[in-house]
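[1] sharing a model that was predicted from the sequence below.
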Amino acid sequence: MKKFLITILLAAGSLGATAKEIVQIIYGFSSADHVANYGRALADEANKIQDKYTFVFDVKPGAGNAIAGNYVKNTPNSIFMTSGVFWVRPAFYPNESYNPMDFQALMTQCQAPFAIASKKYSNWKSVPITQPLTIATSGLGVISHLMAIEIVKTYPNAIVVPFKSTADAVVAAMGGQVDLVVGFIRDFESFEQDTGNGKLTVLGTTGSGYVGKYPNLTSQGFSSTLAKMNTPFTLMIPTSFPEDKAKEIRNILLKAETAQSVRDFYKSGYCQPFQVPEKNLKSWWNDQAKYWTDLTIGVKISQ
């Protein structure tokens, strides 16, 4: 019996010694968004190439990214997978969000265009300027909202209808509850095979060139602001994150990101990979903060 107890204790000690440290990657919108796959695949690949950490992908949707941001800020060993909304949301709701200055960039991932689509209209010529229109977005004070505001400048009878996520907005558009929807191309394309219920037609994208077969909005007469509104996806960590551990985790994730599975999700989401060198991350962060914050100047949100 004594030997048996000793064996059990030694086994328990061995398990404790080899237990992996958990690191969470948190996304602030729906797990049904195609974008969520960027973090999900990254965590899976990171777990394959090392034995020290267990990377876990999770979502904390709500409040236009703010719930996820505050969770990461207050939870050790957590990483915030976010986009340009990281700066946009606090600019609109400084008291209900988080302070961007409490975070730093761990690494960049890719940059993707936003798009606007419709089930009801197949081109802009058929969209009436003089009649009321509804535009679904993934919330208020987010990038899809800023994009919708640019569309309203041309279609002044349109109103913005906020949802909790891109996935929810797309479902509303497919159900005929709204006329137009702003989101990501891949989320729209997922409905193209749904021949029984029709499909969403992409009417235009942000950016300055064609995205696949889709024309940009600026070339169709919309504001030049939209030409620069592609959003970067970035992994952020609190400034309190231990520096040595941050470097170690960054190196793991950089290697994991080169995996074909991760790059395939980027490609199918029209998200162009890009990496800012570590020494340039701070200046890149500052440039992004200015750009996205400047877009919010003069914009009023009515609820």
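    All right, it came through fine.
[2] on contacts alone, who are the packing partners of whichever helix or strand Ala117 is part of?
    Element membership of Ala117, judged by DSSP states H and E, is strand 115-118. With contacts defined as 3 or more CB pairs under 8 Å, 6 or more residues apart in numbering; DSSP states H and E, the packing partners of strand 115-118 are helix 143-154, strand 180-183, helix 185-189, strand 201-205. (Glycine included, C-beta is placed from N, CA and C.)
[3] output the contacting helices and strands for the third one.
    Spelled out, that is helix 185-189. Helices and strands touching helix 185-189, as assessed by 3+ CB pairs under 8 Å, 6+ apart, comprise strand 115-118, helix 166-174, strand 201-205.
[4] measure how far the helix or strand harbouring Asp287 is from the centre of its chain, please.
    With elements taken from DSSP H and E, the one containing Asp287 is helix 281-295. Averaged C-alpha coordinates place helix 281-295 at 17 Å from its chain's average position (CA atoms, centre = their mean, to the nearest Å).
[5] for it, buried residues please.
    Neighbour-count burial for helix 281-295 flags 281, 284-285, 288-289, 292, 295 (criterion: 16 or more other CB atoms under 10 Å).
[6] nearest to Pro132, of these?
    Proximity of these to Pro132 (CB to CB) peaks at Leu295, which lies at 26.0 Å.
[7] list the residues that contact the closest one.
    For Leu295, the contacting residues are 88, 146, 225, 229, taking CB atoms under 8 Å, 6 or more residues apart in numbering as the criterion.
[8] state the pair within those residues that is farthest apart.
    Of all pairs drawn from those, the one with the longest distance (CB to CB) is Val88 and Thr225, at 13.4 Å.
[9] neighbour count for those two, which is higher?
    The neighbour comparison of Val88 against Thr225 (other CB atoms under 10 Å) goes to Val88, with 26 against 16.
[10] pretty sure the more buried one sits against Ile143.
    Yes - the pair Val88 and Ile143 passes the contact test of CB atoms under 8 Å, sitting 5.8 Å apart.
[11] then stretch 240-257 to CSV, C-alphas only?
    Listed next in CSV are the C-alpha coordinates belonging to stretch 240-257 (Å, rounded to 0.1, in the frame of the first residue of the first chain):
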residue,chain,number,x,y,z
SER,A,240,1.7,44.7,-18.4
PHE,A,241,2.4,41.4,-20.3
PRO,A,242,5.9,40.1,-19.3
GLU,A,243,8.4,41.2,-22.0
ASP,A,244,10.3,37.9,-22.1
LYS,A,245,7.2,35.8,-22.3
ALA,A,246,5.8,38.1,-25.0
LYS,A,247,8.9,37.6,-27.2
GLU,A,248,8.7,33.9,-26.7
ILE,A,249,5.0,33.7,-27.6
ARG,A,250,5.5,36.0,-30.5
ASN,A,251,8.1,33.8,-32.0
ILE,A,252,5.9,30.7,-31.6
LEU,A,253,2.9,32.5,-33.3
LEU,A,254,5.0,33.9,-36.1
LYS,A,255,6.2,30.4,-37.0
ALA,A,256,2.6,29.0,-36.6
GLU,A,257,1.3,31.7,-38.9
